[in-house]
Structures are given as structure tokens and as C-alpha cells.
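[1] pasting the structure only:
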């Protein structure tokens, strides 16, 4: 699993009462190349991927987010350290998913029944680093109320919405999970792969939106959250290094201004 390093690096949890970092992390293989290709070489690799997709996966759709979308191809090449074969494999899976899940057809109306729970949404302001912000309110998630597919649709819709907000020069987004008032009533087996709505469904980011998640804040994690984190952490692979456990005060002071801080952290 290849990941871009978190811009803030790995930070130790700020909640002294709960140590979420003791379990050993898994080891990973990373593809290392001595240098990045120049623009001419990158262009050749993009065309090579494009030709392979057309030849071997001609049934895939073309156009925006399709097999001939050169911007998307270049992004996946960067994610796969410019390995043509790896980029083709990952792109094939991503394009099929977009087609089968009908991502381009998702609208506010199509996810309204889940979105109105308030368990996840896109904040209307950027953080201090100019990143769009995806918010999750854990206490608003109750297992079984909505079908997993509905949660996944909300996940995809909100990621797409956040990415459309990216300002020039910015590539990734910030995830913020409000864990205040979290209890076992908000968790079940599915919770391990879908922390309300999406932030532990990191496969979505890895396979379909690589290198788009810059950092995830777990805010005011209670002690009851510890066993869920210990179970989920190995499943997250390298994405676990993007997590930072912090307080509401840290969110206010380090990630937002008084004018842009999410309203839920002004209570």
C-alpha cells in the first residue's frame, strides 16, 4: 500500500488517559525509485497507461474519470510510483467502482436520508492549511438504522464534494471525527470497517481516492473507544499514521480560526 507522507507527520495522542499507540505497527513494503520522471517521461507513461487501458479494458467508460482521463491517470501513476502495470491495475478497479456505484449520479437528494442524521458532512470553510474538511459526528451514528450501501453512498458523495472544493495547489483533505459522547451504542462489527459513515473505510481512499486524505483528527476520544481503535488500527495499514488524537482546544487553535472553526466545536 503506497501512501504519501502526512504533512504533519505522526503525532502522539494528546489524551494522556488513553494510550492508543502501544500496539506494534505492521511492516510494509514500499516501492522506491531513485528519481521522479520529468514532464516528458511522465507524458509517455500517461500515454502508455492510456493505451493499455484501451487495449485490455476497452469496455471501461471513457471521458471524465474514465480510461482516457489523463489527469486521473497521472494521479494514479504518482500514487503507484510511476509503475505502469500497478497504475493500470488500480485504475481499472477505481473506474469499475465509479461505474458500478454510479458515483457521478450521486446528489444531495440521493443521500438526503442519511445526511440528515448529521453524522457526516463537509464543513463550509477550509482549515488553516487551505484544505477542505470532512466532519464525522460519531454519536449520531446508530448501527442498523441505514443500510451499509447508503452509508457508502454518503461517503462517496462527500469525498467528491470535498475534492471539488480543493483550491489551486492543494491536493488533500482533512478528516475530523468528533468522538465526544461516543458509546458502544454507536458501534457494531460493521463499525470496524465503517466508523460512522466512512473514516475507517480507508479502502475507499486507498483504492479510489489515493493520496487524497492528508490527516485525520480523532477529537476527545473516550476510554471506551480504545478497544475499537486497537481492533481497527491493523486494518488501516499505513493510514493509521495519518491519525492524530487531540482535544477540541487543539482543533480550534491549530486547525481553524475563530471565524472558520466548525460550530460543533464552539459549544
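    Perfect, I can see it now. Keep in mind the model is a prediction, meaning the values are calculated, not measured. Residues are numbered from 1 along each chain as shown.
[2] alpha carbons only for contacts and neighbour counts from here, please
    Will do.
[3] So residue 258, which state does it fall into?
    When classified by DSSP: H, G, I helix; E, B strand; the rest coil, residue 258 comes out as coil.
[4] Now do it against residue 252, distance only.
    Residue 258 sits 7 Å away from residue 252, going by C-alpha to C-alpha, to the nearest Å.
[5] can you pull the buried residues of stretch 116-131?
    119-123, 125-127, 130-131 (16 or more other C-alpha atoms under 10 Å).
[6] before we move on, what about stretch 165-174?
    So, applying 16+ other C-alpha under 10 Å, buried residues of stretch 165-174: 165-166, 172-174.
[7] Now distance to residue 246, secondary structure and pLDDT too, for those, in CSV please.
    As requested, these are exported to CSV (distance: C-alpha to C-alpha, whole Å; DSSP: H, G, I helix; E, B strand; the rest coil; pLDDT from 0 to 100):
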residue, distance to residue 246, secondary structure, pLDDT
165, 25, coil, 96
166, 25, coil, 96
172, 20, coil, 95
173, 18, strand, 95
174, 14, strand, 96
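[8] Export the residues you listed as TSV, with columns for distance to residue 217.
    TSV is the format used below for the buried residues of stretch 165-174 (distance: C-alpha to C-alpha, whole Å):
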residue	distance to residue 217
165	20
166	19
172	14
173	12
174	8
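[9] Just give me the closest of those residues to residue 207.
    When those are compared for distance to residue 207 (C-alpha to C-alpha), residue 172 wins out at 15.1 Å.
[10] Show me the beta-bridge partners of residue 133.
    Beta-bridge partners for residue 133, by DSSP bridges, are residue 174.
[11] Now for it, how many residues are close by?
    25 (other C-alpha atoms under 10 Å).
[12] what sits against it?
    The contact partners of residue 133, by C-alpha atoms under 8 Å, 6 or more residues apart in numbering, come to 122-127, 162, 173-176.
[13] Pipe these into TSV and attach distance to residue 103 and secondary structure per row.
    Shown next, in TSV, are those (distance: C-alpha to C-alpha, whole Å; DSSP: H, G, I helix; E, B strand; the rest coil):
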residue	distance to residue 103	secondary structure
122	17	strand
123	21	coil
124	22	coil
125	24	coil
126	24	coil
127	26	coil
162	14	helix
173	19	strand
174	21	strand
175	20	strand
176	23	strand
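[14] Including distance to residue 75, could those go into a markdown table?
    Output for the contacts of residue 133, formatted as a markdown table (distance: C-alpha to C-alpha, whole Å):
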| residue | distance to residue 75 |
| --- | --- |
| 122 | 23 |
| 123 | 25 |
| 124 | 26 |
| 125 | 25 |
| 126 | 23 |
| 127 | 23 |
| 162 | 17 |
| 173 | 15 |
| 174 | 19 |
| 175 | 21 |
| 176 | 24 |
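[15] quick one: low-confidence ranges for this structure?
    1-35, 141-146, 183-202, 267 (pLDDT under 70).
[16] Surely residue 203 is in a strand?
    No - looking at residue 203 with three-state DSSP, it is helix, so not inside a strand.
[17] Against residue 159, how distant is the closest residue to residue 86 other than its chain neighbours?
    Nearest non-adjacent residue to residue 86, counting by C-alpha to C-alpha, 6 or more residues apart in numbering: residue 80, 6.1 Å away. Using C-alpha to C-alpha, residue 80 is found at 21 Å from residue 159.
[18] Also residue 92?
    From residue 92 to residue 159 the distance is 20 Å (C-alpha to C-alpha).
[19] More neighbours: which of the two?
    Neighbour count, other C-alpha under 10 Å: between residue 92 and residue 159, residue 159 has more, with 24 against 17.
[20] Tell me who's in contact with that one.
    Residues near residue 159 by C-alpha under 8 Å, 6+ apart: residue 134.
[21] helix or strand for it, which one?
    Mapping residue 159 onto the secondary structure by DSSP states H and E places it in helix 148-164.
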